[in-house]
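Asks: return a 3D structure for these sequence lines:
(one chain, ligands or ions: 2)
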Amino acid sequence: MPEQPPQPSPAPYDAVLLLSFGGPEGPEDVVPFLENVTRGRGIPRERLKEVGQHYFLFGGVSPINAQNRELLHALRKDFAEHGLDLPVYWGNRNWAPYLTDTLREMVTDGHRRIAVLATSAYASYSGCRQYRENLADALAALEGEGLPLPRVDKLRHYFNHPGFVRPMVDATLAALAELPEGLRAGAHLAFTTHSIPTAAADTSGPVPDHGEGGAYVAQHLDVARLIAEAVREETGAVHPWRLVYQSRSGAPHIPWLEPDICDHLEELHGEGVPAAVMVPIGFVSDHMEVKYDLDTEAAAKAADLGLPVARASTVGADPRFAAAVRDLLLERAATERFAAGDAPAVPERCALGALGPSHDLCPVGCCPARSPRPAAAGAD
Ligand SMILES: CC1=C(CCC(=O)O)c2cc3nc(cc4[nH]c(cc5[nH]c(cc1n2)c(C)c5CCC(=O)O)c(CCC(=O)O)c4C)C(CCC(=O)O)=C3C
Ligand SMILES: [Fe+2]
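Replies: Numbers count the residues shown, from 1 in each chain. Ligands and ions are numbered 1, 2, ... in the order given. Okay, the predicted model is just below:
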């Protein structure tokens, strides 16, 4: 009998939780969904009405839940193909299946040690700590019901994992190829992500050479540079690029990260740039922030200007991303076994770019909320 390669061990984990934002699945869901999103967050009424319209334009259905179902299937398929016998569950912050219900189901099914993958690749309050607060709330709810509490660990930020970056390189190349041939070589790349208040960006966690905060912007800049370099290697053309922002909300007098994608497109046009590719590196799937803010609003702006644009797709359920999740899970599992004295060495931690692999545990107080709340799965 030929010797089988050793099966990778997911121990101590007994289940994986895909944790996401959630979105409405019909017109009657839109207002309650937005109420869930904005509970206690002081978003102006006008902005809410406007964002509601974005959803109604698409029949009240956000694409995000279907995309998470696809990712769930991709993860289960990847795990099965690699001999990883670990169930994958799915729960959301703002819509069914709600996190608390999923976590209750996991505990009832007997799971006690859970690895969590959030559908946000970067540091920030909205993309990281808020999910950790949601986990703390869900655990508190289960405790109130007298259920046994599982231990939940959040997998590290994966913005610079090759399984996240490489699909975006291919997507950028594919979007460039959609542009008229004569304009392609001169096209600029507009890497775009969710704007957040500058105060939140400045406290988004430590990075080498960026001091105490600033991780949100530094991480995006590193990904943008990696993609731009890989594209140049592939095409031989140098495409100038910039990191820009979208989906700003909040009160007008509070500073948020700029420039906005639409202003940037206007500026490019003014400079005589022939075409642009929008690359939504800040998002894991083509959800509403992509479908409306880029494909509808920014595309209309570009059409007004007469600036040809194409939009790169996000990683979605790309098998390379599913494989990256498996890698992150096995890496964390090995780290936990090492810490428990059950493994001889710490595992390799795969990362591209200048920043290196992100931390497993968020430092105490990183990405602070406006009013402090309990958060699970961190150092504090
Ligand atoms: C950094 C970041 C990500 C990326 C990381 C991650 O993915 O987590 C993200 C993702 C998403 N944001 C989404 C939707 C919304 N975000 C809002 C509001 C806000 N987002 C913020 C930040 C982020 N948001 C912030 C600072 C606010 C202001 C209020 C607050 O401090 O909370 C609002 C309220 C209305 C408005 O203000 O626009 C909505 C409806 C959806 C679902 C899309 C769909 O349905 O397909 C997704 C994936
Ligand atoms: Fe958001």
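Asks: how near is the closest residue in space to residue 26 that isn't next to it in sequence to ligand 1?
Replies: If you skip the residues right next to it in sequence, residue 26 has residue 60 as its closest partner in space, 5.0 Å away by C-beta to C-beta, 6 or more residues apart in numbering. Yep, even glycine has a C-beta here, placed from its N, CA and C like the rest. Residue 60 sits 11 Å away from ligand 1, going by C-beta to the nearest ligand atom, to the nearest Å.
Asks: got it, and residue 91?
Replies: 14 Å.
Asks: and the residue nearest to that residue when sequence neighbours are not counted, what's its pLDDT?
Replies: Spatial nearest neighbour of residue 91, excluding adjacent residues (C-beta to C-beta, 6+ apart): residue 102 at 3.1 Å. For residue 102, the model assigns a pLDDT of 98.
Asks: right, and residue 102 touches residue 89 too?
Replies: Yes: counting by C-beta atoms under 8 Å, residue 89 is a contact partner of residue 102 at 5.2 Å.
Asks: find residues that contact each of the two.
Replies: residue 17 (C-beta atoms under 8 Å, 6 or more residues apart in numbering).
Asks: picking that back up, host element of the residue nearest to residue 91?
Replies: In this structure, residue 102 is located in helix 99-108 according to DSSP states H and E.
Asks: and residue 206, by the same measure?
Replies: Judged by DSSP H and E, residue 206 forms part of no helix or strand.
Asks: how about the contacts made by it?
Replies: Going by C-beta under 8 Å, 6+ apart, the list of residues near residue 206 reads 212-213, 215, 363, 366.
Asks: same question, residue 365
Replies: Counting by C-beta under 8 Å, 6+ apart, residue 365 has contacts residue 380.
Asks: helix/strand/coil for it?
Replies: coil (DSSP: H, G, I helix; E, B strand; the rest coil).
Asks: cool, and residue 142?
Replies: helix.
Asks: correct me, but it touches residue 107?
Replies: Yes: under the criterion of C-beta under 8 Å, residue 142 makes contact with residue 107 at 6.2 Å.
Asks: returning to what we had before: the residue nearest to residue 26 is in contact with residue 24, isn't it?
Replies: Yes: assessed by C-beta under 8 Å, residue 60 is found in contact with residue 24 at 5.6 Å.
Asks: who's more crowded, these two?
Replies: residue 24 (26 against 18; other C-beta atoms under 10 Å).
Asks: now the more buried one: closest residue in space that isn't a chain neighbour?
Replies: Residue 24 sits nearest to residue 33 (C-beta to C-beta, 6+ apart), 4.2 Å away.
Asks: burial measure for the one you found, as a count.
Replies: 22.
Asks: surely it forms part of a strand?
Replies: No: judged by three-state DSSP, residue 33 forms no part of a strand; its state is helix.
Asks: renumber starting at 155 from here on
Replies: OK, 155 is where the count begins now, so the last one is residue 187.
Asks: dump the residue contacts of it.
Replies: By C-beta under 8 Å, 6+ apart, the neighbours of residue 187 are 176-178, 209, 216, 248-249.
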